[in-house]
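In: Just to be clear, the model below is a prediction. Sequence and coordinates:
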Amino acid sequence: MAKKILISDDAMFMRVMLRNIIETNGYEVVDEASNGQEAVEKYQQHHPDLVLMDITMPVMDGISAVKAIKANDPNCKIIMCTAMGQKEMVLEAIKSGAKDFIVKPFQAPRVLESIQKLVGAA
Amino acid sequence: MRSQHVNAFVTGAFRVLESVFGATPTRGELQALPAVFTTDQCNVTIGVTGSIQGMVIFGMSLVTADRIASTMIGAPIKTFDQLAASAIAELCNMISGNALISLSEAGATCDITPPALIRGTNTKLSTLSIPAIIIPLETTTGTINLTVSLIEKKVVV
């Protein structure tokens, strides 16, 4: 069975691009979230192997979502995928429990490398 | 508004546009805008909050917006739908995020709001009490007019 990935980004375009990268490489997109709160709810519902999480989102931002998910599942694997690449943001995301941090615009190989490092092959 | 604020967004735009379109844009002449100005046909507005406050606006023609969306999506678009709008908004979000990295390295602590997209002709806009500067950026898809309207927040201890 393919590894399951949850995508959380408020931009439809980004969700489509990430889905293409993920599915082209044999992984399964188990669901999509358009804000941090949805991401927390869908994580509880699906228990994905990995989450790709944006930071700037309405309702609940990505770092808050990481904290909420980690509180329920300390073993969660979350990669931040965001335009916000300030040093303080990176540090806060990692301190909150994210395993990797990718700054947009990204290249597909960078995303894949990060996914494979955390969950292995599809 | 300091030149550092404008430069952060121009540099961010260059970096992202080069990465997305594979070609270095060129920069036109910087101009101060009047209190009320007419926007382009398609505009993405992004708020900036924190130690630097205000907004940035990325304006372009509908033709340029179509070209940008088609390039980002990887196929010509038939109508300017939600996906195309999202692609344009995300481009501007990435430029702004990149700009914030430079501002952060210079000591600023700020954040950006999710983008909003406004389409229409002869729309008037005013940044009210914060002066605005416009910088045209020439790209392979057309001109993107970057409007920067930012102010440094003064804190009394």
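Out: Ah, there it is.
In: hey, where'd the helices end up in chain A?
Out: Along chain A, counting by DSSP state H, helices occupy A:12-24, A:36-46, A:62-72, A:87-96, A:108-119.
In: which stretch among those comes nearest B:Ala85?
Out: Of all the helices of chain A, helix A:12-24 sits nearest to B:Ala85, with 8.4 Å by CB to CB. Heads up, the C-betas are built off the backbone N, CA and C, glycines and all.
In: Wondering if that closest one reaches chain B at all.
Out: Yes. Under the criterion of CB under 8 Å from any CB of the partner chain, helix A:12-24 makes contact with chain B via A:12-14, A:16.
In: where's that helix relative to the chain centroid, distance-wise?
Out: Taking CA atoms, centre = their mean, to the nearest Å, one finds the center of helix A:12-24 at 12 Å from the center of the full chain.
In: how about it: buried residues?
Out: For helix A:12-24, a neighbour-count test (16 or more other CB atoms under 10 Å in any protein chain shown) marks A:12-19, A:21-22 as buried.
In: the inter-axis angle of it versus helix A:108-119?
Out: 60 degrees (axes from the mean of the first three to the mean of the last three CA atoms, to 10 degrees).
In: Look up how far B:Arg15 lies from A:Lys95.
Out: 27 Å (CB to CB, to the nearest Å).
In: Who has more neighbours out of the two?
Out: Per other CB atoms under 10 Å in any protein chain shown, whichever of A:Lys95 and B:Arg15 has more neighbours is B:Arg15, with 18 against 11.
In: Contact partners for A:Ile102?
Out: A:79-82, A:110-111, A:114 (CB atoms under 8 Å, 6 or more residues apart in numbering or on different chains).
In: Return the closest of those with respect to B:Leu146.
Out: A:Thr82 (21.2 Å).
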